[in-house]
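**Q** Next input, structure requested:
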Amino acid sequence: MTPIQSRTNVVLALILRDMRTRFGRSHLGYLVAIAWPFSHLLTLISIMAFVNRLAPIGGDPAVFVSTGVLPYILCLYPARMMGLALESSRALFLFPIITPFDVIVSRAIIEFMTAFIVVILLFTVAGAIGVDMTPIDASTLASGLLATIYLSLAMGFLNVVMVSIFRMWHITFIIIMIVMYMSAGVFVVPSAVSSEFREFMWFNPLFHCVEWIRSAYYEGYGDELLSESYVMWVATACLLVGLLGERFLRGKLLSG
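**A** Numbering: from 1, shown residues only. A predicted model of the protein is given here:
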């Protein structure tokens, strides 16, 4: 067996173990994991559709809010859960074949699989109730989603390292999530806020993910503020620090 096949088998085994440990042997347990972010998404869309009969741009508030909340679901949910990966798996490190990297990758696969199911459900339910979620530029939507996933993966690796260094990092990251969420332009267009707050929003990589995905639905959207390169640079920097931390702090990751 080649090293790649060996690592693949380890990751697959860890995925099955993680799913059974977290969600139980019943499929209903995993349905709850899908229902939580999906219900979050539907609740926000329903509230916005009720409060604002018209979206700030375009005609359908469901499309506007969906394109704002999707980056949050795809980015911050998986990144937070990846940061918790090692805490429930320390006993597995008694087996020399299992490394922290394997555990992190297996958790990432589960979280992104869940996020993609939520995305598919969103488009399916939207179509069933007559909401047209078809983008005007499918390639821009695809690249925006992939960039958001890349940012999430990078933040997740960094989270694992930060948790091993700072015991209170879980709480700190929740605060960071709230700040990123509130300054990502989920419910408003940048032109509706003050110039000072717009400058603050610009440094939020999640804001650029929202702008990127919305630019696939609204002609000319994001031309002034969207920086695709900023998202990629921030994600790459986070991933580099996370991978270096996993390599050089492996002993600390193993011991907790």
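
**Q** only C-alpha atoms for contact and neighbour calcs from this point on.
**A** Will do.

**Q** quick one: residue 62 and residue 47 touch, right?
**A** No. Counting by C-alpha atoms under 8 Å, residue 62 stays clear of residue 47, with 9.7 Å between them.

**Q** ok, the two, which is more surrounded?
**A** residue 62 (23 against 13; other C-alpha atoms under 10 Å).

**Q** quick one: the closest residue to residue 190 other than its chain neighbours and residue 167, what's the gap?
**A** The spatial neighbour of residue 190 that comes closest, neighbours along the chain excluded (C-alpha to C-alpha, 6 or more residues apart in numbering), is residue 198 at 6.2 Å. Distance of residue 198 to residue 167, given as C-alpha to C-alpha, to the nearest Å: 33 Å.

**Q** In terms of neighbours, single out the busier of these two.
**A** Comparing residue 198 with residue 167 by other C-alpha under 10 Å, the one with more neighbours is residue 198, at 18 against 11.

**Q** in which helix or strand would I find that one?
**A** helix 195-202 (DSSP states H and E).

**Q** got the buried residues for that helix?
**A** Neighbour counts over helix 195-202 (16 or more other C-alpha atoms under 10 Å) mark 198, 201, 202 as buried.

**Q** mind giving me a markdown table with those and columns for pLDDT and distance to residue 76?
**A** Shown next, in a markdown table, are the buried residues of helix 195-202 (pLDDT from 0 to 100; distance: C-alpha to C-alpha, whole Å):
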| residue | pLDDT | distance to residue 76 |
| --- | --- | --- |
| 198 | 91 | 21 |
| 201 | 93 | 16 |
| 202 | 95 | 18 |
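
**Q** Checking the residue nearest the centre of the chain next. Helix, strand or coil?
**A** Centrality entry for the chain: nearest residue to the mean C-alpha point is residue 75, 1.6 Å, by C-alpha atoms, centre = their mean. Following DSSP: H, G, I helix; E, B strand; the rest coil, residue 75 is assigned to helix.

**Q** Provide a list of residues in contact with the closest residue to it other than its chain neighbours.
**A** Of all residues not flanking residue 75 in the chain, residue 152 sits nearest, at 4.3 Å (C-alpha to C-alpha, 6+ apart). Shown in contact with residue 152 (C-alpha atoms under 8 Å, 6 or more residues apart in numbering): 74, 75, 76, 78, 79, 235.
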